[in-house]
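[1] Next one to model:
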Amino acid sequence: MSFREDNRADRIAAAEQRRADLIAARAEQRRDQALAFEQRRTEAAAKTARKDRARAARAAARARMGAAVVHAVRAHALDVLFVPVIVVPAVLAWSAMSDYGVQVFGPVGALLPLFSEAAMWAFAAAVTLAVRRGQPTGWLKVGVWMFATVAAGLNYLHGRSTPGGWAYGVVMAVVSVGGVVVHQLITARPVVRRTRADRAIARTTRRAERRLHAVRRAALRQAVAELSEDGSAHLVHTPGLVVLTRSRFGRVQLGTTLPAEPELAAFTATVSTEDRTEPVVQPPVQPSAVHPGDVQPPPVDAPVQPSVPDPERLLSSSVQPEPPKDPALHGEASERRSAVLPSPARDRARAAARRHAAHHGDLPTVSKLQEIAEVSRGTAGTALQELREQPAQLHVIPDITNARTQP
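    Residues are numbered from 1 along each chain as shown. Sure, this is the predicted structure:
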């Protein structure tokens, strides 16, 4: 093969290579273009989807907002109707006070509505919030009407200073407080309306509380004080059924009242039954109950000597295990017991005092009786007073010759 042919073959091969490279480059370019187009299409679809989702979200939000507004309007339809009646007078009064403040104080006087109008509306809003939370509103309402009076007075003076005179003043005063009055009548009403039965129960409860308070005050005025050994004092009340009465000077005081006759008879029978259940203190059988401490029982052959025992011991030993057959014997005790009101606590206190007197030879103190009988100080004091007021009687110690005693 000659040099010329080799050179031609090389040129042909180079041309073929260039053509193959061009074809490959064009194919690669087409693939790149296809990929770029697909990516742009995918991005456009994603962007469109995002826009659609955002549009749907905005539409849903608008729908929810519209539903909330409709629900709020339906729930507060009465309040919405009065919005112009509340807002328009407030705007008119605010502008009028601003002008009057500039007239009186100069440019800084434009802040005058912050004192008169803003304070009144702040108290009005506080009243509404307190009512809906169930909180007391007494002093808040006082603040509303106090600053409403201030605003009305200032607007009246402003109108009176104009050429219109008192007519302008009255109009401006009414306009200044008109919005607050309507606001309080509409928004400060109770959230839950009570029925007639609920109002009647509330009235009865208030009357009962007032009467209880009056009884406590009268009882406090009539209470007596007990002074202890350490110098401390305690008020002692007389328990029982009481009524409110008035003295000749019109002062409220407590008056005792007794139950009806059937109740007295039932109470007498109850006291008699309870007295029969108490143990009979008999010195021969239980010498430890009669002879406390180092005191020894008398010898068996000792003669029986009449003695005058302690009246409290007499009370405890005079109780019979069986009710008396003769009504006359029981009449005095029944009359004395029926003079007091039925009180299981007082009966328990008296029984404890008798036992203490039988063991120790003397009545306990009020504090001691309160502790051993588990009653109040008033009940303990009343029981001790009743026992002290009972007269002492002679008592003969029975013959203990044949009785068995413990050493």
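[2] Burial check on the nearest residue in space to residue 166 that is not next to it in sequence, number of neighbours?
    Nearest residue to residue 166 in three dimensions, chain neighbours excluded: residue 160, at 5.8 Å (C-beta to C-beta, 6 or more residues apart in numbering). In short, each C-beta sits where N, CA and C put it, glycine included. Per other C-beta atoms under 10 Å, the neighbour tally for residue 160 reads 16.
[3] And for residue 127?
    For residue 127, the count of nearby residues is 23 (other C-beta under 10 Å).
[4] now do residue 244
    12.
[5] The host helix or strand of it - what's its average pLDDT?
    Taking DSSP states H and E as the criterion, residue 244 maps to strand 242-246. In this model, strand 242-246 carries a mean pLDDT of 82.
[6] Would you give the sheet partners of that strand, along with the direction of each?
    Take DSSP bridges as the rule and strand 242-246 pairs in its sheet with strand 252-256 (antiparallel).
[7] for the partner strand, which positions count as buried?
    Going by neighbour count (16 or more other C-beta atoms under 10 Å), the buried part of strand 252-256 is residue 254.
[8] which residues touch it?
    Strand 252-256 has contacts (C-beta atoms under 8 Å, 6 or more residues apart in numbering) with 214-215, 217-219, 221-222, 240-247.
[9] which residues in the stretch 101-250 of the chain form helices?
    Ranges of helices in the stretch 101-250 of the chain, per DSSP state H, counting those that start in this stretch, are 113-133, 138-160, 166-187, 196-222.
[10] any idea how far residue 241 is from residue 251?
    Remark: distance between residue 251 and residue 241 (C-beta to C-beta, to the nearest Å) = 21 Å.
[11] now the strands for the protein?
    Secondary structure of the chain (DSSP state E): strands at 224-227, 233-236, 242-246, 252-256.
[12] Let's see the last one as CSV, backbone CA atoms only.
    As requested, the backbone C-alpha atoms of strand 252-256 are provided in CSV (Å, rounded to 0.1, in the frame of the first residue of the first chain):
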residue,chain,number,x,y,z
VAL,A,252,-81.9,42.1,120.2
GLN,A,253,-81.4,39.4,122.8
LEU,A,254,-81.9,35.7,123.3
GLY,A,255,-84.8,34.2,125.1
THR,A,256,-85.1,30.5,126.1
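[13] Quick check: the spatially most distant residue from the centre of the chain vs residue 11, distance?
    In terms of distance from the mean C-alpha position of the chain, residue 2 ranks first, at 124.0 Å (C-alpha atoms, centre = their mean). Distance of residue 2 to residue 11, computed by C-beta to C-beta: 14 Å.
[14] Which of the helices and strands in this structure ranks last by mean pLDDT?
    Lowest on mean pLDDT, DSSP states H and E among the helices and strands of the chain sits helix 287-290, with a mean of 40.
[15] how close does the spatially most central residue of the chain get to residue 148?
    Nearest to the geometric centre of the chain sits residue 135, at 11.6 Å (C-alpha atoms, centre = their mean). To residue 148, residue 135 is 21 Å away according to C-beta to C-beta.
[16] swap in residue 8?
    Computed as C-beta to C-beta, the residue 8 to residue 148 distance reads 116 Å.
[17] out of these two, which sits in the busier spot?
    Neighbour tally, residue 8 and residue 148, criterion other C-beta under 10 Å: the higher count belongs to residue 148, 24 against 11.
[18] tell me the contacts of the more buried one?
    Residues near residue 148 by C-beta under 8 Å, 6+ apart: 120, 176, 177, 180, 181.
[19] can you do 7 Å?
    Residue 148 is in contact with 120, 177, 180, counting by C-beta atoms under 7 Å, 6 or more residues apart in numbering.
[20] Report the rounded mean pLDDT for stretch 186-202.
    For stretch 186-202, mean pLDDT rounds to 76.
[21] Tell me the span between the first and last residue of it.
    Terminal residues of stretch 186-202 lie 24 Å apart, using C-alpha to C-alpha, to the nearest Å.
[22] CSV please, covering the helices of the stretch 101-250 of the chain and showing distance to residue 236.
    Below are the helices of the stretch 101-250 of the chain laid out as CSV (distance: least, C-beta to C-beta, whole Å):
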stretch, distance to residue 236
helix 113-133, 43
helix 138-160, 38
helix 166-187, 51
helix 196-222, 11
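[23] Tell me which of the ones you listed sits nearest to residue 86.
    The closest of the helices of the stretch 101-250 of the chain to residue 86 is helix 166-187. By C-beta to C-beta, the value is 4.6 Å.
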